[in-house]
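Peer 1: Okay, structure incoming, though there's no sequence with it:
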């Protein structure tokens, strides 16, 4: 991650360009009167662990009813039609 240091005046004049750079992962340190007064960093998305836990509990056992024998691509003769559907194009 790159860090950009610039004055408050320069930050004000190039604000939208700075936002684009921050969105790409850059950090911007804004300096006023030779003091660091602000740090602009990209927003990170937080994982909501409670929602993830609830979702994983809802899908638990979802493959229990799945049968490989019911899959039409695994039946005998399935490979005969694969690759032939586009020969007429």
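Peer 2: Now that the structure is in, tell me what you want to look at. None of these values were measured; they are calculated from a predicted model.
Peer 1: First-to-last residue distance for stretch 24-39?
Peer 2: 15 Å (Cα to Cα, to the nearest Å).
Peer 1: Give the buried residues for that stretch.
Peer 2: Neighbour-count burial for stretch 24-39 flags 26, 28, 30 (criterion: 16 or more other Cβ atoms under 10 Å). Where you see a C-beta, it was placed from the backbone N, CA and C, and this is true even at glycine.
Peer 1: C-terminal to the strand or helix carrying residue 19, what's the next element?
Peer 2: Using DSSP states H and E, residue 19 falls within helix 15-23. Once the chain leaves helix 15-23, the next helix or strand it forms, by DSSP H and E, is strand 27-32.
Peer 1: Check which helices and strands the helix or strand hosting residue 39 is in contact with.
Peer 2: Following DSSP H and E, one finds residue 39 within strand 35-40. When contacts are defined as 3 or more Cβ pairs under 8 Å, 6 or more residues apart in numbering; DSSP states H and E, strand 35-40 sits against strand 27-32.
Peer 1: List the contacts of the strand it packs on.
Peer 2: Contacts to strand 27-32, defined as Cβ atoms under 8 Å, 6 or more residues apart in numbering, come from residues 1-8, 11, 18, 21-22, 36-42.
Peer 1: if you average pLDDT over it, what comes out?
Peer 2: The average pLDDT within strand 27-32 is 95.
Peer 1: ok and it relative to strand 35-40, angle-wise?
Peer 2: Going by axes from the mean of the first three to the mean of the last three Cα atoms, to 10 degrees, strand 27-32 is angled at 150 degrees with respect to strand 35-40.
Peer 1: and strand 27-32, which strands flank it?
Peer 2: Strand 27-32 sits in its sheet next to strand 3-7 (parallel), strand 35-40 (antiparallel), going by DSSP bridges.
Peer 1: list the buried ones in the shortest one?
Peer 2: Neighbour counts using 16+ other Cβ under 10 Å place no residue of strand 3-7 among the buried ones.
Peer 1: related to what we said a few turns ago, quick one: contacts of the strand holding residue 39?
Peer 2: By Cβ under 8 Å, 6+ apart, strand 35-40 touches 8, 18, 22, 27, 28, 29, 30, 31.
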